[in-house]
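Engineer: model this:
(one chain, ligands or ions: 1)
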Amino acid sequence: MAPRQETSLENQIMCGIVGLVSAGNDNILPLLVKCLKRLEYRGYDSAGFAFIDSDSGRIIVVKDRGKIDEVVARYGIVERYAARVGIAHTRWATHGPPSKVNAHPHVDCGGTIAIVHNGIINNYLELRRKLAEKGHKFRSDTDTEVIAHLLEDLLDENSDMLGAIRKAMNILRGSYAVVVLSTRDPSRLYFMKRVSPLIVGVAPSVSIVASDIPSIIEITRRVLVLHDGEYGFIEPGRVYVEHDGRPIDASQRFRTITWSVSDIEKAGYPHYMLKEIMEQPRALYETYLGVLSDPALHKAVDLIDEARTVFVTGAGTSFHAGLAFQYYMYRYAGRPVLTFIASEFYVYSNAAGQDDVLIAISQSGETIDTLTALRSFKQRGARVIAVSNVVESAIPRESDVKLYTRAGPEIGVAATKTYLTQVLVLQALVSQMTGDGFIKLLGDAHRVTARSLAKFQVFIDRLARKLYRKEHIYVLGRGLGAFMAYEGALKIKEVSYIHAEAYPAGESKHGPIALVEPGFPVIFIGTPPSELVEKIAANIEEMSARGAVTILIGTQQYRDVDADYKIILDVDDDILAPYAIMPLLQLLAYRLAVLRGYDPDKPRNLAKTVTVE
Ligand code: AGP
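Structural biologist: Now for the predicted structure:
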């Protein structure tokens, strides 16, 4: 197999793309900037714009490394230019330093076509070689630029852009959401969609195509989620969609977004992450109401009841929600469950068959690892239940049963409210399966979270001040406590960059305690059943004997257990324990990040959704 080319191919974790076209003579650039900023959580180390200058009729490209506001100010985009049609891009590159030449948009040789792209073109090297042989001159070494030259090349062979795009869809391989600006059609923007998300909004005098909903609701609440293989164009007040050369009537697929702009805004909080931690009571209550009345819950139970093996998968925090589900399935349904990390699917899918079911958990519904795992299981005949926060996103779309959290948009890169609402939906599933009615308990989840945050917010702030200079933290628990410890450690790691590691507390003696020296912080998560209490107490003793700083966050059963710092929550069951404990771990991670001078909404090297492998 040809060695993988090491180039500065910028293997984007994820980017935000947007295109706007307006019928009026008003300058759309201020609105284009605003819509792009709504996608900044998707990547923010370089930004770029391309638009048809109203005076010259030429395409002007302005792009550079830096955050959106920095690039817009540096080039006076809003003050110096006016346009009625334009595209824009914000990105986070993971290979090689972000650079101006590799920032999007990219143009063809003639400068009459500009494109923005989210995803990866797998066959770009082969295409680049062929196009270069035909005389195309490349300015960057990104995969994206190949798309602009390919369209230019195909356009030569036929007169219209739609025909060129139709052909390009059959040539490009990989994942892509592309928006195309062409001087030939100054009142249109073309688009192509395969794997990477792309959504259209149409208002009477302006249309928009963008990576995600927050960008669109600036213009309209009626959105059309494009499906894989679809392409076409938007004009002011109109969208045209094709698939494999056939026009698609997508008019029935438009749906209304209920999220308000204020949902998207920070609502006065300094960071989205804090807003989303604090709005968990509302997210939990709405999710509870939603799942209670959702017929899909019964369909999911039927699939699980009929299944030979129940597989569960997700990435990151969603994987941790899967572990919590596994705990409840063993403990309440007495049902073995196999939860695996989505990118490891190839180990498990071979054993899957038509009698099995896969529960695919993904708040964004776009994580490529989870989508790939889902497709692998479906190919083997397994049925799929999706748990997601975004209606009509790829993973629920390709699933047999769709269970939705109702957390509202989660903009902060760190998953918080989507995690707890995932746990609630999964608990409701177990409760529905076992018929033992603990679903009624879930009606109290939002109050438990509200009380926990109100009562211990100050304590967490003080604890953060004790810990924020530490470089290492252990987060330990047993049973459900261990699964919550994994999620707590991920939160701390991903926003404060402290090396937080979680493992089952009983494992300390089998190696990890070797790292513990005086002052080493160890957080213990104390959860039912009562037989765990003395074991956790012994683990705390073990750590204290080595000079560790011990912190206990536990349910009522732990009130007599000693630790250097202790929070005892007013819950004593393992159903409501996550709603009391997890918000405190999320808040601790948030405070640690802020005290260490980091922006918890935009953690380095991370993006909200990983849509490329
Ligand atoms: C969690 O805080 C991280 N943002 C990340 O691990 C995330 O949970 C993971 O990428 C899965 O995302 P998904 O739920 O959208 O599939």
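Engineer: Got the confidence number for Leu127?
Structural biologist: On the pLDDT scale, Leu127 is placed at 96.
Engineer: residues touching it, list them.
Structural biologist: 121, 146, 150, 171-172 (CB atoms under 8 Å, 6 or more residues apart in numbering). Where C-beta positions appear, they are placed from N, C-alpha and C, glycine not excepted.
Engineer: Okay, now the unreliable bits of the protein?
Structural biologist: Scanning the chain for pLDDT under 70 picks out 1-14, 41-44, 92-98, 157-158, 264, 267, 612.
Engineer: Next, count neighbours for whichever residue of it sits closest to the ligand.
Structural biologist: Going by CB to the nearest ligand atom, the ligand is nearest to Gly316 of the chain, at 1.8 Å. Neighbour count of Gly316, defined by other CB atoms under 10 Å: 22.
Engineer: Give the phi and psi angles for it, as a check.
Structural biologist: phi 50, psi -130 (degrees, to the nearest 10).
Engineer: now Tyr565: how far from Lys470?
Structural biologist: 13 Å (CB to CB, to the nearest Å).
Engineer: quick one on the thing from earlier: run a quick neighbour tally on the closest residue to the residue of the chain closest to the ligand other than its chain neighbours.
Structural biologist: Distances taken as CB to CB, 6 or more residues apart in numbering put Leu490 closest to Gly316, at 6.5 Å, once the chain neighbours are dropped. For Leu490, the neighbour count with other CB under 10 Å is 22.
Engineer: Shouldn't Leu490 be within a helix?
Structural biologist: Yes. Secondary structure of Leu490 (DSSP: H, G, I helix; E, B strand; the rest coil): part of a helix.
Engineer: quick one: the nearest residue to Gly437 once chain neighbours are set aside and Tyr288, what's the gap?
Structural biologist: Closest residue in space to Gly437, ignoring its immediate chain neighbours: Ser431 at 6.7 Å, by CB to CB, 6+ apart. Per CB to CB, Ser431 is found 11 Å from Tyr288.
Engineer: list residues touching both of the two?
Structural biologist: Leu442.
Engineer: Val522 in helix, strand or coil?
Structural biologist: Under three-state DSSP, Val522 falls in the strand class.
Engineer: go on, Gly19?
Structural biologist: strand.
Engineer: again with Phe377
Structural biologist: Quick answer, by three-state DSSP: Phe377 is helix.
Engineer: my guess is Pro528 contacts Ile575, does it?
Structural biologist: No. With contacts counted by CB atoms under 8 Å, Pro528 stays clear of Ile575, the gap being 9.3 Å.
Engineer: looking at the chain, which residue ends up farthest from its center?
Structural biologist: What lies farthest from the middle of the chain is Ala545; by CA atoms, centre = their mean that is 41.3 Å.
Engineer: Now do the same contact list for that residue.
Structural biologist: No residues are in contact with Ala545 under the rule CB under 8 Å, 6+ apart.
Engineer: before we move on, the earlier item: quick one: contacts for the residue nearest to Gly316?
Structural biologist: Applying CB under 8 Å, 6+ apart, the residues near Leu490 are 316-317, 320, 500, 502.
Engineer: So which of those residues are in helices?
Structural biologist: 316-317, 320 (DSSP state H).
Engineer: Give me the nearest residue to Ser376, chain neighbours excluded.
Structural biologist: Counting by CB to CB, 6+ apart, the residue nearest Ser376 is Ser349, at 4.0 Å.
Engineer: Quick check: that neighbour touching Phe377?
Structural biologist: Yes. Applying CB under 8 Å, one finds Ser349 in contact with Phe377, separated by 5.4 Å.
Engineer: Name the single longest helix found in this structure.
Structural biologist: The chain, longest helix under DSSP H: helix 445-467.
Engineer: Centre of the chain to it, how far?
Structural biologist: Averaging C-alpha positions (CA atoms, centre = their mean, to the nearest Å) puts helix 445-467 26 Å from its chain's average.
Engineer: got the contact list for stretch 321-335?
Structural biologist: Taking CB under 8 Å, 6+ apart as the rule, stretch 321-335 contacts 304, 310, 312-314, 336-337, 339, 359, 361, 387, 419, 422-423, 426-427, 429-431, 433-434, 436, 438, 479-480, 483-484, 486-487, 574, 578.
Engineer: Quick one: end-to-end distance for that stretch.
Structural biologist: With CA to CA, to the nearest Å applied, stretch 321-335 spans 17 Å between its terminal residues.
Engineer: Residues of this structure that sit close to the ligand?
Structural biologist: Neighbours of the ligand within the chain, by CB under 6 Å from any ligand atom: 315-318, 362-364, 367, 370, 413-415, 494, 609-610.
Engineer: residue ranges of the strands in the stretch 301-450 of the chain, please?
Structural biologist: Along the stretch 301-450 of the chain, counting by DSSP state E, counting those that start in this stretch, strands occupy 310-314, 338-341, 357-362, 383-388, 401-404.
Engineer: Could you single out the most deeply buried of these?
Structural biologist: strand 357-362 (a mean of 30; mean count of other CB atoms under 10 Å).
Engineer: what angle sits between that strand and strand 310-314?
Structural biologist: If you take axes from the mean of the first three to the mean of the last three CA atoms, to 10 degrees, strand 357-362 sits at 20 degrees to strand 310-314.
Engineer: Give the pairing partners of strand 357-362; include direction for each.
Structural biologist: strand 310-314 (parallel), strand 383-388 (parallel) (DSSP bridges).
Engineer: Nearest approach to Pro603 belongs to which of these?
Structural biologist: Pro603 sits nearest to strand 310-314 of all those, at 19.3 Å, using CB to CB.
Engineer: hang on, the earlier thing: give me phi/psi at the residue farthest from the centre of the chain?
Structural biologist: The phi/psi pair for Ala545 (degrees, to the nearest 10) is phi -60, psi -20.
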